[in-house]
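Chemist: sequence and predicted structure below; questions after.
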Amino acid sequence: MIRIIFWNSVGFFFFSFLIPFVTVQLLGATGIELGIMFAIQTTGGLISAPIVGYLTDRVSRKLLILIGSFGRAVCYILMYMGIIFSSLVVFAMGMFVLGFFVGFFWTPLDTLISEKSNKANRSFAFGKRGGMIGKGNLLGSVISFTVFGLANFFVPENLFLVYSPLLLFAGSNFFGGITFHLKVNEHLTLDKHIFNLFPSSVEPSLISKEPVIEDTVIKSKKNLAVGFFIGFSVLTIAFMMSSMNQSLAYPFFQVYLIDVLKVEDPTLVMLIYFPSQILSLLFAPKLGKIADKINPIIGVVFVSGLGALVTSLIINSTSGLMFGIILLFDSTFAWGGNLILQNVLSRISKIHRGKIFGLAQWLSLFGAVLGPVLGGFAWDALGPSAPFVISIFIELSVIPLYAIAIKALKPYMAEKV
């Protein structure tokens with residue numbers, strides 16, 4: 001199941017590179033328009049996330065993943081057409097399509113990963129997913145560098161050839177979705193597998209649709225409801241703020257490289273941007289192993305604190321090389337934090353995982369709508385460093401929120417570690 005994700009991931013780097021590059025450099029958009037472009041993508045996800053969260057617990061996850069794969073392929077085709085015809089509207093349509101269908105892929109996939117992994121190794125399982133994304137990204141990056149770099153050098157006016165990797169990546173998503181649908185057994189979960197091997201050692205309720213109620217120090221259902229509600233509400237607020245923070249500065253990394261550090265060669269921009277997008281994903285399985293062994297509160301404090309420090313170093317960079325190295329650390333810390341939080345989300349409930357992942361996706365997307373618009377306004381009104389400075393303060397402010405939420409939810413986890 002994890003290996004097949006490779007084919008759905010080959011276009012991630014080229015896609016993330018093209019959004020700010022094409023929007024600003026090719027189509028001449030302003031900072032606010034660039035922020036709106038990212039917001040359009042997340043608006044599509046806001047519409048689909050509640051639907052996908054509901055469907056994930058009720059219909060075939062493989063079918064949803066197939067729909068998500070096809071949606072990403074259509075997105076790449078629309079982006080290609082928008083570039084060829086110099087149409088910001090068509091390019092934006094591709095962004096919206098991606099946002100709408102991305103939840104159809106990740107929410108059911110994260111649910112399947114949770115069901116097929118041991119609770120004590122859950123972060124490692126999600127890390128393996130990230131590692132496979134990195135491998136697919138690596139192949140896609142080699143293709144992108146080769147085609148985009150050579151075409152820009154020899155025939156820069158031939159947009160059909162310069163941006164043709166988008167069509168290859170659309171084909172790989174069609175292939176990946178169909179392969180996943182044909183080969184993955186979504187009904188084989190870890191609990192059922194263990195029950196088949198050792199029937200007497202596993203409670204029958206583990207393989208049923210009924211919730212497993214653990215023996216906790218809960219004196220009343222009212223206390224359970226209040227404690228759980230407080231913890232989950234704070235967690236959702238922290239998720240939204242984290243997502244807003246990540247999307248606040250992210251769209252402007254490349255623009256900062258080009259406008260402030262004066263790195264104007266598009267191929268060189270890709271090379272500087274490459275390590276942060278690929279290597280951090282290849283490190284994900286190792287990060288997952290570490291995340292499984294530490295207290296999640298300590299982990300969040302560590303990665304958020306270092307993330308804020310690294311962001312401050314980014315805006316003090318004096319060269320493209322320094323910028324690229326620091327950005328690699330920033331992406332690595334962000335992935336570490338994501339693995340910790342995905343682990344926490346996956347253990348809140350067994351029978352409502354799809355809804356929980358869907359809600360988290362919706363809140364993340366809501367924050368991601370606000371972030372780029374706020375970042376674009378700050379960029380145009382206050383200067384190139386403004387989105388990064390705001391990001392530092394937000395990243396530090398979510399630390400106590402995550403600590404409160406995780407501590408409050410701990411007694412009510414369906415899966416305790």
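Modeler: Arrived safely, thanks for sending.

Chemist: Val412 against Gly231, yeah?
Modeler: Let me fix one detail, which is that residue 412 is Tyr and not Val. Yes - counting by Cβ atoms under 8 Å, Tyr412 does reach Gly231; the two are 7.2 Å apart. Where you see a C-beta, it was placed from the backbone N, CA and C, and this is true even at glycine.

Chemist: looking at these two, which is more packed in?
Modeler: It is Gly231, of Tyr412 and Gly231, that has more neighbours when counted by other Cβ atoms under 10 Å, with 21 against 18.

Chemist: in contact with that one, which residues are there?
Modeler: Gly231 makes contact with Ile404, Ala405, Ile406, Lys407, Ala408, Leu409, Tyr412 under the criterion Cβ atoms under 8 Å, 6 or more residues apart in numbering.

Chemist: switch to 7 Å and redo it
Modeler: Ala405, Ala408, Leu409 (Cβ atoms under 7 Å, 6 or more residues apart in numbering).

Chemist: reformat those residues into JSON lines and put pLDDT next to each item.
Modeler: Converted to JSON lines, those look like this (pLDDT from 0 to 100):
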{"residue": "Ala405", "pLDDT": "90"}
{"residue": "Ala408", "pLDDT": "88"}
{"residue": "Leu409", "pLDDT": "87"}
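
Chemist: most surrounded residue in these?
Modeler: Neighbour tally across these (other Cβ under 10 Å): the maximum, 26 neighbours, falls on Ala405.

Chemist: which pLDDT value goes with the nearest residue to that residue once chain neighbours are set aside?
Modeler: Closest residue in space to Ala405, ignoring its immediate chain neighbours: Leu235 at 3.6 Å, by Cβ to Cβ, 6 or more residues apart in numbering. At Leu235, the model reports a pLDDT of 87.

Chemist: now this structure, which segments are flagged as low pLDDT?
Modeler: Low-confidence segments of the chain (pLDDT under 70): 31, 195, 197-224, 417.

Chemist: regarding it, what is its longest helix?
Modeler: The residue-count maximum for a helix in the chain (DSSP state H) belongs to helix 122-154.

Chemist: give me the buried positions along the helix or strand following that one.
Modeler: Where DSSP states H and E defines the elements, the next helix or strand beyond helix 122-154 is helix 159-162. Across helix 159-162, burial judged by 16 or more other Cβ atoms under 10 Å covers Leu159, Leu161, Val162.

Chemist: stretch 88-107 too?
Modeler: Of the residues in stretch 88-107, those buried (16+ other Cβ under 10 Å) are 88, 90-107.

Chemist: about what we covered before: and the next helix or strand past whatever helix or strand the residue nearest to Ala405 lives in?
Modeler: Taking DSSP H and E as the definition, one finds Leu235 inside helix 221-249. The first helix or strand that comes after helix 221-249 along the chain, using DSSP H and E, is helix 253-259.

Chemist: mind giving me the packing neighbours of that following helix?
Modeler: Helix 253-259 sits against helix 266-282, helix 320-348, with contacts defined as 3 or more Cβ pairs under 7 Å, 6 or more residues apart in numbering; DSSP states H and E.

Chemist: the helix holding Leu235: how far from the chain's middle?
Modeler: 18 Å (Cα atoms, centre = their mean, to the nearest Å).

Chemist: what's the angle from that helix to helix 320-348?
Modeler: If you take axes from the mean of the first three to the mean of the last three Cα atoms, to 10 degrees, helix 221-249 sits at 160 degrees to helix 320-348.
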